[in-house]
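Undergrad: just to be clear, the model below is a prediction. Sequence and coordinates:
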Amino acid sequence: MSRLDELITELCPDGVEYKLIGDVCDFINGFAFKSSKFQGYGEPILRISNIQDKKIDTSNLVYFNLDDYTEDLSKYIVNKGDIVVAMSGATTGKIGVNDTDSIYYLNQRVGKFVPNEKIILNRFLYHILTSKTQLIYQISGGGAQPNLSSEKLKQIKIPLPPLPVQQEIVRILDNFTELTAELTAELTAELTARRKQYEYYRDLLLTFGDEVEWKTLGEIGKLIRGSGLLKSDFVEEGFPCIHYGQIHTYYGTSATETISFVSVDKSKKLKKAKKGDVLIAGVSENVEDVCKPLAWLGGDICISGDMFAFRHNQNTKYITYLLQTTDFSRYKEKFAHGAKVTRLRQDKLLAYKIPVPPLEEQERIVAILDRFDALCNDLTSGIPAEIEARQKQYEYYRDKLLSFKEVTA
């Protein structure tokens, strides 16, 4: 019999009492900080967008000056270990915990739980709440504009086993969480190392001197600009198509099939890419991803605006790999422009000079890089799958450990 089983047998053999969240902890709604007084330094403000993946994301914090407010803001402080919840917006219902040594101040639409630790442990409450995120989202109304009420939140019923039982459950679940985090860090480090190795050999294989001919992209091919295709045009079956955004989010180095389609009638009005074209995303949110290439190796497809089909007489994957190199990244940094979105003008793209060895040499290089690319892709797809499996394992044991027979009065 495990230690937990022993404790349950000794302290609550007939089940445990269930209570409302509002009966075992206080809840503090955030303060309405004025956005006009946000600044780039000072005291950090915790907004709904900062609650991500059960943690506090500090990448987009805003700050304020205490002297700008006459109110006592001490109750809005989020200390280490405090549990918070997003009350509206895209992250509604997400639970976060401050696992840093820093303090933050609760903004409006962010709530903080203050448990009565004489009857419920803070970490026990945390694990309970992470098991209730779907329920919390549902009581917020869901939909396009979810809005969580603190009063409804307080009405959620939770089990309340004796403190020694809570302590043992917390120990088990915290250990499981720590092991998962360690595994994630190891897998991510391995992937980073493999990617750096791949990038090094890719750049090395694609580095040439005067022993080969150099030409601009404009000298070996032409750009065909897409137009007219919207995501709202997608249908279940029909003529294959690719939207520029999918190059960023779905496709890798090459593809032979699409995940989207348009009607045959609509396809007749749209620009087409052909087998062997390099599809290029013409717009991005950053310089790194602008002009992201995709070697298209399937049949004719429709292409959207803000992307190009580069038609040429070279090895398609060879051109694609060249447009992934560090050299091309530096070229983009020099000539790409834009405030909200980043673009590289067509004339600048076509002016980019590349080495053009014989097709046999291009094929040899592509064969080597394909093997590296496949290895990185296997790791990339494998890591999220492994992490998801561990997360589901944690959720399974968490839900099992937090399921108690209710004692009725």
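TA: Received it, and whenever you're ready, just let me know what you need.
Undergrad: drop to CA atoms for contacts and neighbour counts, all remaining ones
TA: OK.
Undergrad: just the strands from the stretch 101-250 of the chain, written as ranges.
TA: In the stretch 101-250 of the chain, the strands defined using DSSP state E, counting those that start in this stretch lie at 104-106, 110-115, 157-160, 213-216, 221-225, 239-242.
Undergrad: in the fifth one, what counts as buried?
TA: For strand 221-225, burial by neighbour count (16 or more other CA atoms under 10 Å) applies to 223-225.
Undergrad: adding distance to Y396 and pLDDT, write these out as JSON lines.
TA: Formatted as JSON lines, the buried residues of strand 221-225 follow (distance: CA to CA, whole Å; pLDDT from 0 to 100):
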{"residue": "L223", "distance to Y396": "52", "pLDDT": "95"}
{"residue": "I224", "distance to Y396": "51", "pLDDT": "95"}
{"residue": "R225", "distance to Y396": "50", "pLDDT": "94"}
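Undergrad: out of those, the closest to G40 would be?
TA: Closest to G40 out of those is R225 (40.7 Å), distances taken as CA to CA.
Undergrad: who's in contact with the nearest residue to the closest one once chain neighbours are set aside?
TA: Of all residues not flanking R225 in the chain, F308 sits nearest, at 4.5 Å (CA to CA, 6 or more residues apart in numbering). Neighbouring residues of F308 by CA atoms under 8 Å, 6 or more residues apart in numbering: 223-226, 279-282.
Undergrad: just these now: which is nearest A389?
TA: For the contacts of F308, the residue nearest A389 by CA to CA is A281; the value is 32.9 Å.
Undergrad: okay, the strands of the stretch 101-250 of the chain in CSV with distance to L66 next?
TA: Below are these laid out as CSV (distance: least, CA to CA, whole Å):
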stretch, distance to L66
strand 104-106, 11
strand 110-115, 19
strand 157-160, 37
strand 213-216, 57
strand 221-225, 53
strand 239-242, 51
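Undergrad: nearest to K157 among the contacts of F308?
TA: Closest approach to K157 among the contacts of F308 (CA to CA): A281, at 49.7 Å.
Undergrad: okay, helices next: where are they in the stretch 251-400 of the chain?
TA: With helices called from DSSP state H, counting those that start in this stretch, the stretch 251-400 of the chain shows them at 264-267, 316-322, 326-335, 346-350, 359-401.
Undergrad: ignore what I typed, I meant the stretch 1-150 of the chain.
TA: Assigned by DSSP H, counting those that start in this stretch, the helices in the stretch 1-150 of the chain fall at 3-11, 21-24, 122-130, 133-139, 150-154.
Undergrad: report all helices and strands that the third one contacts.
TA: Which is helix 122-130. For helix 122-130, the packing partners by 3 or more CA pairs under 8 Å, 6 or more residues apart in numbering; DSSP states H and E come out as strand 95-97, helix 163-205.
Undergrad: out of the ones you listed, nearest to Y394?
TA: When these are compared by CA to CA, helix 163-205 sits nearest Y394, at 6.8 Å.
Undergrad: now do that closest one and helix 326-335, the angle between them.
TA: Angle of helix 163-205 versus helix 326-335, following axes from the mean of the first three to the mean of the last three CA atoms, to 10 degrees, is 90 degrees.
Undergrad: helices or strands up against helix 163-205?
TA: The contact analysis (3+ CA pairs under 8 Å, 6+ apart) places helix 163-205 against helix 3-11, helix 122-130, helix 359-401.
Undergrad: of those helices, which is nearest T216?
TA: Nearest to T216 among those is helix 359-401 (16.4 Å), distances taken as CA to CA.
Undergrad: now do that closest one: distance to the chain's middle.
TA: Centre-to-centre, helix 359-401 and its host chain are 16 Å apart (CA atoms, centre = their mean, to the nearest Å).
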